[in-house]
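> just a sequence and a predicted model for now, questions to come.
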Amino acid sequence: MLTCHTLVKTFAARSGKIVGLDGVSFELGRGEFLVIHGPSGSGKSTLLLTLGGMLRPSSGSLTLLGRDPYALSPSDRTRFRAESIGFVFQLFHLVPYLDVRQNILAGLPKKDPAEAERADALISELGLESRATEFPGTLSAGERQRVALARALVKRPALILADEPTGNLDPENAARVFQRLAAYRQAGGTVIVVTHGLDAAPHASRVLRLESGRIVPQPPAAHLL
Ligand SMILES: Nc1ncnc2c1ncn2[C@@H]1O[C@H](COP(=O)(O)OP(=O)(O)OP(=O)(O)O)[C@@H](O)[C@H]1O
Ligand SMILES: [Mg+2]
């Protein structure tokens, strides 16, 4: 499903060169639920954006579903992403002038009734019924986060990449989100979740820890904490 090898990403910042990723390598099989955790600034979002075809690495290689997204033309890469990847951004990226339901349906290739039904099912599963016709600007951060998750799930992509999908949620709603992602995995999907902590670990098939842009070893029992 996914193989990355010595991914390095550096940024030119005012204070000089910043190393976001410092040689990240791992493989992920279809149907896995990978949790990547680590402190703020360790490179989690950088890694997720790189894996999702949205941030070209400075060096290293990536193969996703048999293709290197960065070898594709920009338009082919956009299509590949739209078809294969559901991305839940840390800062949501909802469309401000579309309501909740329209946001969830935006970006779906076919406008068929089955998609609309799936959108409505997700709205109720994620507790958003009373918000379905509101605009994102009127929602709480946790509500926006759930809309972003629904938007990623509704197209049933092969891979979901979720950046802190429960960062603004109370424990009950956070549990709902992880259960929804676990159900998506049960249905054949593959998940990568990035978090500060280990809340998602009970659902994980694998846990990786990132520190200063590198994957560091951790005790084997850590994911049971
Ligand atoms: N566009 C950018 N330009 C310059 N530096 C960047 C850029 N994006 C990220 N960085 C730097 O790269 C490092 C990793 O950032 P990243 O956003 O990946 O961390 P993170 O682990 O997701 O943190 P958080 O848990 O706070 O979301 C940080 O030091 C950050 O300042
Ligand atoms: Mg981040």
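Received the coordinates, thanks. Ligands and ions are numbered 1, 2, ... in the order given.

> make it CA atoms for all contacts and neighbour counts henceforth
Fine.

> and the longest helix for the chain?
helix 171-186 (DSSP state H).

> and the contacts of the next helix or strand after that one?
Using DSSP states H and E, the next helix or strand after helix 171-186 towards the C-terminus is strand 190-195. If you take C-alpha atoms under 8 Å, 6 or more residues apart in numbering as the criterion, strand 190-195 is touched by 29-38, 44-45, 48, 158-165, 167, 181, 184-185, 200.

> just the ones of those in helices?
Checking those against DSSP H, those in helices are Lys44, Ser45, Leu48, Leu181, Tyr184, Arg185.

> now these as CSV including pLDDT, neighbour count and distance to ligand 1?
As requested, the ones in helices among the contacts of strand 190-195 are exported to CSV (pLDDT from 0 to 100; neighbours: other C-alpha atoms under 10 Å; distance: C-alpha to the nearest ligand atom, whole Å):
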residue, pLDDT, neighbour count, distance to ligand 1
Lys44, 95, 28, 4
Ser45, 94, 19, 4
Leu48, 96, 22, 8
Leu181, 93, 24, 20
Tyr184, 94, 21, 24
Arg185, 95, 20, 23
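
> how about the helices in this structure?
Going by DSSP H, the chain shows helices at 44-51, 74-84, 100-105, 113-125, 141-154, 171-186.

> of the ones you listed, which approaches Thr63 most closely?
Thr63 lies closest, by C-alpha to C-alpha, to one member of the helices of the chain: helix 44-51, at 8.9 Å.

> for Lys155, grab the count of nearby residues.
23 (other C-alpha atoms under 10 Å).

> contacting residues for it?
By C-alpha under 8 Å, 6+ apart, the contact list for Lys155 reads Glu83, Gly86, Leu108, Glu115.

> which regions of the chain sit below the pLDDT cut-off?
109-110, 219-225 (pLDDT under 70).

> can you list the residues of it near ligand 1?
11, 13, 18, 20, 39-46, 196 (C-alpha under 6 Å from any ligand atom).

> mind running it again at 8 Å?
Counting by C-alpha under 8 Å from any ligand atom, the residues of the chain close to ligand 1 are 10-13, 18-21, 38-47, 90, 163-164, 195-196, 210, 212-213.

> filter these down to just the buried residues.
With burial judged by 16 or more other C-alpha atoms under 10 Å, the buried subset of the residues of the chain next to ligand 1 is 10, 19-21, 38, 42-47, 90, 163-164, 195-196, 210, 212-213.

> out of everything not next to it in sequence, what's closest to Leu64?
Using C-alpha to C-alpha, 6 or more residues apart in numbering and skipping the chain neighbours, the partner closest in space to Leu64 is Leu2 (4.5 Å).

> who does that neighbour bridge with?
Leu28, Leu64 (DSSP bridges).
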